[in-house]
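>>> how does the following fold in three dimensions:
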Amino acid sequence: MTGVISHETQLSLEQRLVSYLSTRLPEAKDISVSELTQATAGFSYETYLFQASWHQGGMTRSQGYAVRIQPLWGPVPPYDVEPQFRILQVLYRTEVPVPRVFWLEKDPSILGAPFFVMEKVEGETPLPWKSAHTSYNDPAQRELMAHQVVRVLSALHTIDWKALGIDFFKPPASATEYATREIKRWETVQKENEYLAEPILAEAYGWLKANIPIAPCTTIVHGDFRLGNFIWRDNRIAAFLDWEMAALGDPLSDVGWMCVKVFQGHTGKVSGLLSREEFLSSYEKLTGLHPKPESVLWWEVFGYAKLVAVFSAGLRAYVDGRRDDARLANFEFDILSHLNLLAQTLGF
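Predicted coordinates for the structure are as follows:
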């Protein structure tokens, strides 16, 4: 999905992008930027899509680009654009489909904040609540998506990350450290952004701390692996997006996140695609990892607590005037919905 950019903003951004590309493509002549739009699917990073054309070596060249600009405030603090750029850079050499990245820019004076540039991947972002004319609403396409999603997740979790030389993520020192670290991070975000104390949430964090699971191993984890975060083209996942919460950690964190009911819509299926039994069985066959039910449940419960923190941070950023995305104003309803699902899952 793309949004409308004001004429003044578009002209200014086009000029700045042309100027920036001239520093990155020193042999290019007559660089022009067209078809500039802002992607509106996400709530965090500002993402702009555009087509660049130029002359080089007697030929006309063209490339579709996407720019991801690091926000100052938003639902997923703290922000740092560099790890996202670097994990995409590494994963592009693997079986996991991701966009090709070109440049990382830490100088905030160019576009107002640090950013990175990656290829614009053509295709569709499937969502169950879009119009009927989507791939998701075609049963045959949806079945293909289900198999592809499990295959990509399994490929991610079986990558030999040590062989890839990943040194920008801190690996957990123990089988429980990643879960402990995640609790600390999102409980802190929640406390810094909540308007009223939530007794249900306090009970949930108590339960989480008392039942921390033992990770079967350490893998690359996405952090937001689900329907809606990939581009679908030609009956396959062309690229998985939104790696801002990627880390080295417990692979079952992604599995539990996929099982969160929020992402089921009204389908009763994992990420709106396949039954919980099918998902866990296929994942086990492809990875050799056994997703213990109690561990998956723990990460599912954690998922609700994390979502409450994410939506609280987004709502706070809007109410305090630090973000002007009006969609963030609706997060109050989502917070109540997540708290209700959290209470149901734990039997409160």
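>>> would you point out which residue is most central in this structure?
D242 (2.9 Å; C-alpha atoms, centre = their mean).
>>> surely that residue and F225 touch.
No. D242 is not in contact with F225 according to C-beta atoms under 8 Å; the separation is 9.1 Å. C-betas here are computed from N, CA, C, even on glycine.
>>> in the stretch 1-150 of the chain, where is pLDDT below threshold?
Counting by pLDDT under 70, the ranges of the stretch 1-150 of the chain that qualify are 1-11, 40-43, 73-74, 128-132.
>>> which of the three states applies to the residue nearest to the centre of the chain?
What DSSP: H, G, I helix; E, B strand; the rest coil gives for D242 is coil.
>>> the nearest residue to it once chain neighbours are set aside: neighbouring residues, count only.
Distances taken as C-beta to C-beta, 6 or more residues apart in numbering place N229 nearest to D242, at 4.8 Å, with adjacent residues excluded. Residues lying near N229 (other C-beta atoms under 10 Å) number 21.
>>> surely P97 is in a strand?
No. Looking at P97 with three-state DSSP, it is coil, so not inside a strand.
>>> that one contacts D234, correct?
No. Using C-beta under 8 Å, P97 is not in contact with D234, being 11.7 Å away.
>>> more neighbours: those two, which one.
Ranked by neighbour count (other C-beta under 10 Å), P97 and D234 place P97 first, with 18 against 7.
>>> need phi/psi at that one.
P97 adopts backbone torsions of phi -80, psi 120, taken as degrees, to the nearest 10.
>>> next, the contact list for it, please.
For P97, the contact set (C-beta atoms under 8 Å, 6 or more residues apart in numbering) comprises V152, F230, R236, I237, A238, A239, F240.
>>> let's see the PyMOL selection covering just the buried ones among those residues.
Buried residues among the contacts of P97 (16 or more other C-beta atoms under 10 Å), as a PyMOL selection:
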select buried, resi 152+230+237+238+239+240
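>>> and which of the contacts of P97 is nearest to D107?
In terms of C-beta to C-beta, no member of the contacts of P97 lies closer to D107 than A239, at 26.5 Å.
>>> spell out the secondary structure type for the closest one.
Criterion first, three-state DSSP; result for A239: strand.
>>> measure the residue lying closest to it once chain neighbours are set aside to L88 for me?
Nearest non-adjacent residue to A239, counting by C-beta to C-beta, 6+ apart: V121, 4.3 Å away. V121 is 12 Å from L88, where distance means C-beta to C-beta, to the nearest Å.
>>> of the two, which one has the most company?
L88 (23 against 19).
>>> enumerate the beta-bridge partners assigned to the residue lying closest to that one once chain neighbours are set aside.
Closest residue to L88 apart from its sequence neighbours, by C-beta to C-beta, 6+ apart: V101 at 4.7 Å. Counting by DSSP bridges, V101 forms beta bridges with M118.
>>> V101 and F263: what is the separation?
The spacing between V101 and F263, counted by C-beta to C-beta, is 26 Å.
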